[in-house]
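Peer 1: quick one, structure for this:
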Amino acid sequence: MIAFFDCFSGISGDMTLGAFIDIGVPVSWLKDEISRLPLQGFGLSATDIKRNGIHAKDVIVSDLEGHGSRDYSHIKSLIEKSPFSAKIKQQSLAMFEKIAVAESEIHGCPIDHVHFHEVGGIDAIVDMVGTALCVDFLGIDEIISSRLPLGSGFVTCSHGRIPLPAPATLAILEGSAVYGSNHTHETVTPTGAAIITTLSSAFGEMPDMRIEKTGYGSGKKDTSPYPNLLRIILGKKDHSLKNRVSVIETTIDDMNPEILGFVMERLFEAGALDVCFIPVFMKKNRPGTQIQVISNEPATEKLIHIILAETTSTGARHYLAERRILERESILIETRVGKIQAKRIVQPDGSVKIVPEYDALKKIALEKKVPLKTLFDAVLKDL
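Peer 2: Residues are numbered from 1 along each chain as shown. Alright, predicted model coming up:
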């Protein structure tokens, strides 16, 4: 599964949990899992809310026993001693480490002595560990994020009034894709920055995917006219690949058609990806042939030269085109007639198809003196 974080209004820990819960992570399950830290004395609930008419989940994390702030070494020990999987521990620790390193550099103290206030409370622990649990629960393998909008102004914290974006947020976001917005409030919190920089493999446009679910998590402030929401789009990765190719075309009506076979051989030898001959009707309704060649861009000039040198054409047009292809690789497969070359093709839904190579079966058919069709049918039954 792949998830796209659409951070049009920013990101925070509670917005992330809210979006995951809206997608389908049960609140009761999440609370029970977090309690295994062990972390007692916290409340976790999610209420329905509407922002600009959009339904979302508003997550509330409460400290029922007044635990207050914690230092990094305490939080690290808490996570390391938890019964969670190695992956969940690694992701949770990486999030807190990002904040600890940022705070250490800003305040000039050793990382283990960093004393957390806003991000050391029980809510941040629930947000970050909870996020790692949600990713695992939903079976998400990859996360892509949109660019992050940064707000302006000032916010009050335990150290007093500080400018936005918060210094810790900026330090965590180094190397990430951001842009300035006209929001005059905190759009990306240190917790949100730590979550997305830890989990996201890239920042940019929405990836090719087949959408399955969408969830909305709400921030605490009403930021009208903009909805204060994080949108997470969950789906299956589209296994087709997109690239650009050069398409070369020319039409001929005055050449011996026997030459076309030789031209095709020359074009493939020169790097053409595909060559086809298309029957057409030309001027004065004369029958002709359109030669269409697909190639990688660097081979364009060489292929045009072959067309002009080997045919009666006096010109060829070429243009770039977008192409979608399925993932594929050449493999050896074991069959009743021995090992043969084949293609392993990944379908758009992720399923795999094995296709035996024509040339490999042709060679065996000639050697064993059996019909090629019979051989194809026999090999396909082995797959």
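
Peer 1: CA only for contacts and neighbour counts going forward, please
Peer 2: Noted.

Peer 1: which neighbours does the worst-scoring helix or strand of the chain on mean pLDDT have in its sheet, and in what orientation?
Peer 2: Ranked by mean pLDDT, DSSP states H and E, the weakest helix or strand in the chain is strand 153-157, scoring a mean of 76. Counting by DSSP bridges, the strands paired with strand 153-157 are strand 160-164 (antiparallel).

Peer 1: next structured bit after the strand it pairs with?
Peer 2: For strand 160-164, the following helix or strand on the C-terminal side (DSSP states H and E) is helix 167-172.

Peer 1: now for that next one, which elements pack on it?
Peer 2: On a contact count with 3 or more C-alpha pairs under 8 Å, 6 or more residues apart in numbering; DSSP states H and E, helix 167-172 meets helix 86-107, helix 190-199.

Peer 1: which of these is buried the deepest?
Peer 2: Compared across the helices and strands packed on helix 167-172, helix 190-199 shows the largest average neighbour count, a mean of 24 (mean count of other C-alpha atoms under 10 Å).

Peer 1: beyond that helix, next helix or strand please.
Peer 2: Toward the C-terminal end, the helix or strand that comes next after helix 190-199 (DSSP H and E) is strand 202-203.

Peer 1: who does that next one touch, helix- and strand-wise?
Peer 2: Where contact means 3+ C-alpha pairs under 8 Å, 6+ apart, strand 202-203 is packed against strand 142-145.

Peer 1: any idea which helix or strand carries the closest residue in space to residue 43 that isn't next to it in sequence?
Peer 2: Closest residue in space to residue 43, ignoring its immediate chain neighbours: residue 62 at 4.8 Å, by C-alpha to C-alpha, 6 or more residues apart in numbering. In the assignment (DSSP H and E), residue 62 maps to strand 54-63.

Peer 1: any idea which element residue 28 lies in?
Peer 2: helix 27-34.

Peer 1: mind listing the strands the helix or strand just after that helix pairs with, and their directions?
Peer 2: Downstream of helix 27-34, the first helix or strand assigned by DSSP H and E is strand 42-51. Strand 42-51 has its sheet partners listed here by DSSP bridges as strand 54-63 (antiparallel).

Peer 1: mind listing what's buried in the partner strand?
Peer 2: Neighbour-count burial for strand 54-63, counted by 16 or more other C-alpha atoms under 10 Å, picks out 55-59, 61-62.

Peer 1: mind saving the C-alpha coords of the helix or strand harbouring residue 130 as PDB?
Peer 2: Using DSSP H and E, residue 130 sits within helix 122-137. The C-alpha coordinates for helix 122-137 follow below in PDB (Å, rounded to 0.1, in the frame of the first residue of the first chain):
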ATOM      1  CA  ILE A 122       2.100  12.500  26.700                       C
ATOM      2  CA  ASP A 123       0.300  13.800  23.700                       C
ATOM      3  CA  ALA A 124       3.400  13.900  21.500                       C
ATOM      4  CA  ILE A 125       4.300  10.300  22.600                       C
ATOM      5  CA  VAL A 126       0.800   9.200  21.600                       C
ATOM      6  CA  ASP A 127       0.900  11.100  18.300                       C
ATOM      7  CA  MET A 128       4.300   9.700  17.100                       C
ATOM      8  CA  VAL A 129       4.100   6.100  18.400                       C
ATOM      9  CA  GLY A 130       0.400   6.000  17.400                       C
ATOM     10  CA  THR A 131       1.300   7.100  13.900                       C
ATOM     11  CA  ALA A 132       3.900   4.300  13.600                       C
ATOM     12  CA  LEU A 133       1.300   1.900  14.800                       C
ATOM     13  CA  CYS A 134      -1.300   3.100  12.200                       C
ATOM     14  CA  VAL A 135       1.200   2.800   9.400                       C
ATOM     15  CA  ASP A 136       1.800  -0.800  10.400                       C
ATOM     16  CA  PHE A 137      -1.900  -1.500  10.900                       C
END
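
Peer 1: so what are the domain limits for this structure?
Peer 2: Split into domains by automatic domain parsing, the chain comes to 2-238, 241-325, 326-382.

Peer 1: point out the most buried one among the ones you listed.
Peer 2: domain 2-238 (a mean of 19).

Peer 1: from the chain's centre, how far out does that one sit?
Peer 2: 19 Å (C-alpha atoms, centre = their mean, to the nearest Å).

Peer 1: and if you look at stretch 297-313?
Peer 2: Put simply, stretch 297-313 sits 38 Å off its chain's centre (C-alpha atoms, centre = their mean).

Peer 1: and the strands in the stretch 151-300 of the chain?
Peer 2: Taking DSSP state E, counting those that start in this stretch, the strands of the stretch 151-300 of the chain run over residues 153-157, 160-164, 178-180, 202-203, 209-218, 229-237, 240-252, 274-281, 287-295.
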